[in-house]
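*Asks:* based on what follows, work out the 3D shape:
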Amino acid sequence: MKSEELYPLASPELSQKRNSLNPEIADAFRNFSKTVFKAGALDEKTKQLIAIAVAHTTQCPYCIRSHTKQAVRKGATPQEIMEAVWVAAEMRAGAAIAHSNLAITQMEEEEAQKSI
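*Replies:* Below you'll find the predicted structure:
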């Protein structure tokens, strides 16, 4: 399946439509985004690598593409980008393991209900 079949391709027209529905919030978000990604305690490349990892955990294809493009422009290597992806994969898998406590607890509750 092509990504275009699952997600509409980002386009200036879609952006304009989204922004026209609430220009004040759109402007605030754009300004917030620009501010967040400015160099500060972390340089711009590092911030983009973080964004790539987060985009992979949230599974946002638009964010993955956009932040990968920006990371490359900020000097990130393919190895750095893939390492960020692997960090995201570990975090996502770790969350699944941690949440297994819910399943274990529920199974124990179900077993206890059988003996009543």
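*Asks:* what about the chain, any weak spots by pLDDT?
*Replies:* Counting by pLDDT under 70, the low-confidence segments of the chain come to 1-4.
*Asks:* could you rerun that using 50?
*Replies:* Applying pLDDT under 50 to the predicted model, the chain contains no residue that meets it.
*Asks:* domain-wise, how is it divided?
*Replies:* Here the domain assignment for the chain is 10-39, 43-116, based on automatic domain parsing.
*Asks:* secondary structure element for Ile64?
*Replies:* Using DSSP states H and E, Ile64 sits in helix 61-73.
*Asks:* number of nearby residues for Gln79?
*Replies:* Residues within reach of Gln79, counting by other C-beta atoms under 10 Å, total 8. Where you see a C-beta, it was placed from the backbone N, CA and C, and this is true even at glycine.
*Asks:* again, but for His67
*Replies:* 26.
*Asks:* distance-wise, check it relative to Ser11.
*Replies:* Look at His67 and Ser11: by C-beta to C-beta, to the nearest Å, they are 19 Å apart.
*Asks:* and for Ile25?
*Replies:* Distance of Ile25 to Ser11, computed by C-beta to C-beta: 20 Å.
*Asks:* cool, and Leu42?
*Replies:* If you go by C-beta to C-beta, the gap between Leu42 and Ser11 works out to 31 Å.
*Asks:* quick one: which of these two has more around it?
*Replies:* A side-by-side neighbour count of Leu42 and Ser11, using other C-beta under 10 Å, places Leu42 first with 13 against 9.
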